[in-house]
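Engineer: Sequence isn't available, so here's the structure alone:
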């Protein structure tokens, strides 16, 4: 171990920690608003990176079919409800609301040459394909059982993740993909070489965290989401649409996951099932924040990233064990400090 290796490990730990921080913030956000532990958060990350890889290869991503099928399923569900309430006049509105994005994407992607498209446009297209998956999954899977217990919602999340892994294998195959880096630049800091790609990941992650802070602290809708997280029944009584709050939380979660996939894609090879470990490590960080504190979850994520990086050097065969063991003292602390009466309330 010397200064150069220490700098490299620290840089790698901070970079991966930034990704885990975004995943942890998304987990805390969704749990606070809907009481759902979103096991499939990492699937948004993997699907985003694999979608970007498809665009860079000049082919239509299979996730576009998944988005279209989900949007059609939501339309069928809403039309069935409208038919039961004899409100068929709202069907055009429902079709326009749910099918506009898939239709526009199909028309756009079939009209352009992806090989001549710049990376910036491919990033926007990836976000447009992956980010709407969050609200679709909420409407189809979680909204009908929104009042169920946390355990039931957790079991549902595990089942959804297993389904998405199977769908991911069907869409992308068993091969791993790594996207092209946004920059190959690097510069020397003393005797250590700093990658501009790693620095870009850190800057974008910090910018997203700052944007979330501004959204929740200085916008009316962000404050409404915080109110829903604090007391959903009270928020509903004062006119906050809790169903829309759930859809918004899942949209922000999938958007954060899509951004995370774009950031991590050039750094590591991702497979159809890579999202599980990413979700678990984000969950470890979220537990460090008690599944309620955004700053503590972010700090915990950077700690997880650094410990994982150092463990890779000192005990690579045990790095996963070391990372996941971190959650035990925090779970013990939570079990000793949580009031069962408050939890029931």
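Structural biologist: Right, received. Where do you want to start? Small disclaimer: the values here were computed from a predicted structure and weren't measured. Residues are numbered from 1 along each chain as shown.
Engineer: Please count neighbours and contacts with C-alpha atoms only from this point.
Structural biologist: Fine.
Engineer: which strands and helices sit next to the one helix or strand residue 31 maps to?
Structural biologist: Under the criterion of DSSP states H and E, residue 31 resides in helix 3-34. Secondary-structure packing of helix 3-34 (3 or more CA pairs under 8 Å, 6 or more residues apart in numbering; DSSP states H and E): helix 41-56, strand 192-195, helix 196-218, helix 220-230, helix 242-264, helix 275-288, helix 294-314.
Engineer: what pLDDT, on average, does it get?
Structural biologist: Across helix 3-34, pLDDT averages out at 84.
Engineer: Check stretch 71-87 too.
Structural biologist: 88.
Engineer: who does the helix or strand residue 92 falls within touch, helix- and strand-wise?
Structural biologist: Here residue 92 sits within helix 91-111, counting by DSSP H and E. Helices and strands touching helix 91-111, by 3+ CA pairs under 8 Å, 6+ apart, are helix 63-84, helix 119-130.
Engineer: Residue most distant from the centroid, this protein?
Structural biologist: Ranked by distance from the centre of the chain (CA atoms, centre = their mean), the top residue is residue 86, with 37.1 Å.
Engineer: The closest residue to residue 215 other than its chain neighbours: how many residues sit nearby?
Structural biologist: Using CA to CA, 6 or more residues apart in numbering and skipping residues adjacent in sequence, the residue nearest residue 215 is residue 222, 5.2 Å away. Residues lying near residue 222 (other CA atoms under 10 Å) number 19.
Engineer: wait, residue 222 sits on residue 216?
Structural biologist: Yes: judged on CA atoms under 8 Å, residue 222 makes contact with residue 216 at a distance of 4.0 Å.
Engineer: which neighbours do the two share?
Structural biologist: Residues touching both residue 222 and residue 216 by CA atoms under 8 Å, 6 or more residues apart in numbering: none at all.
Engineer: Quick one: classify residue 272 as helix, strand or coil.
Structural biologist: Secondary structure, DSSP: H, G, I helix; E, B strand; the rest coil: residue 272 is coil.
Engineer: Rebuild the helices and strands packed on helix 91-111 as TSV, extending it with distance to residue 113 and mean neighbour count.
Structural biologist: What follows is the helices and strands packed on helix 91-111, written out as TSV (distance: least, CA to CA, whole Å; neighbours: other CA atoms under 10 Å):
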stretch	distance to residue 113	mean neighbour count
helix 63-84	16	18
helix 119-130	11	19
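Engineer: can the ones you listed go into CSV with extra columns for distance to residue 42?
Structural biologist: Listed next are the helices and strands packed on helix 91-111 as CSV, based on distance: least, CA to CA, whole Å:
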stretch, distance to residue 42
helix 63-84, 15
helix 119-130, 12
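Engineer: quick one: which of those helices is nearest residue 318?
Structural biologist: In this view, these are compared for proximity to residue 318 by CA to CA, and helix 119-130 is the closest at 33.3 Å.
Engineer: what comes into contact with the closest one?
Structural biologist: By CA under 8 Å, 6+ apart, the surrounding residues in contact with helix 119-130 are 44, 47-48, 51-52, 55-56, 63-64, 67, 101-102, 105, 182, 254-255, 258-259, 262.
Engineer: From these, list the buried ones, please.
Structural biologist: 44, 47-48, 51-52, 55-56, 63-64, 67, 101-102, 105, 254-255, 258-259, 262 (16 or more other CA atoms under 10 Å).
Engineer: Point out the most buried one among the helices and strands packed on helix 3-34.
Structural biologist: Neighbour counts (mean count of other CA atoms under 10 Å) averaged over each of the helices and strands packed on helix 3-34 peak at helix 41-56, with a mean of 28.
Engineer: and that helix with helix 119-130, angle?
Structural biologist: 140 degrees (axes from the mean of the first three to the mean of the last three CA atoms, to 10 degrees).
Engineer: Check which helices and strands helix 41-56 sits against.
Structural biologist: Short answer (3+ CA pairs under 8 Å, 6+ apart): helix 41-56 packs on helix 3-34, helix 119-130, helix 150-172, helix 242-264, helix 275-288.
Engineer: rerun at 10 Å
Structural biologist: helix 3-34, helix 63-84, helix 119-130, helix 133-137, helix 150-172, helix 242-264, helix 275-288 (3 or more CA pairs under 10 Å, 6 or more residues apart in numbering; DSSP states H and E).
Engineer: Could you point out which of those helices sits nearest residue 193?
Structural biologist: Proximity to residue 193 (CA to CA) singles out helix 3-34 among those, at 7.7 Å.
Engineer: Please identify the buried residues of that closest one?
Structural biologist: 7-34.
Engineer: same deal with stretch 159-173?
Structural biologist: For stretch 159-173, by 16+ other CA under 10 Å, it's 160, 161, 162, 164, 165, 167, 168, 171, 172.
Engineer: Residue 173 versus the first one, what's the distance?
Structural biologist: Residue 160 sits 19 Å away from residue 173 when distances are taken as CA to CA, to the nearest Å.
Engineer: same thing with the fifth one?
Structural biologist: Spatial separation of residue 165 from residue 173 under the definition CA to CA is 11 Å.
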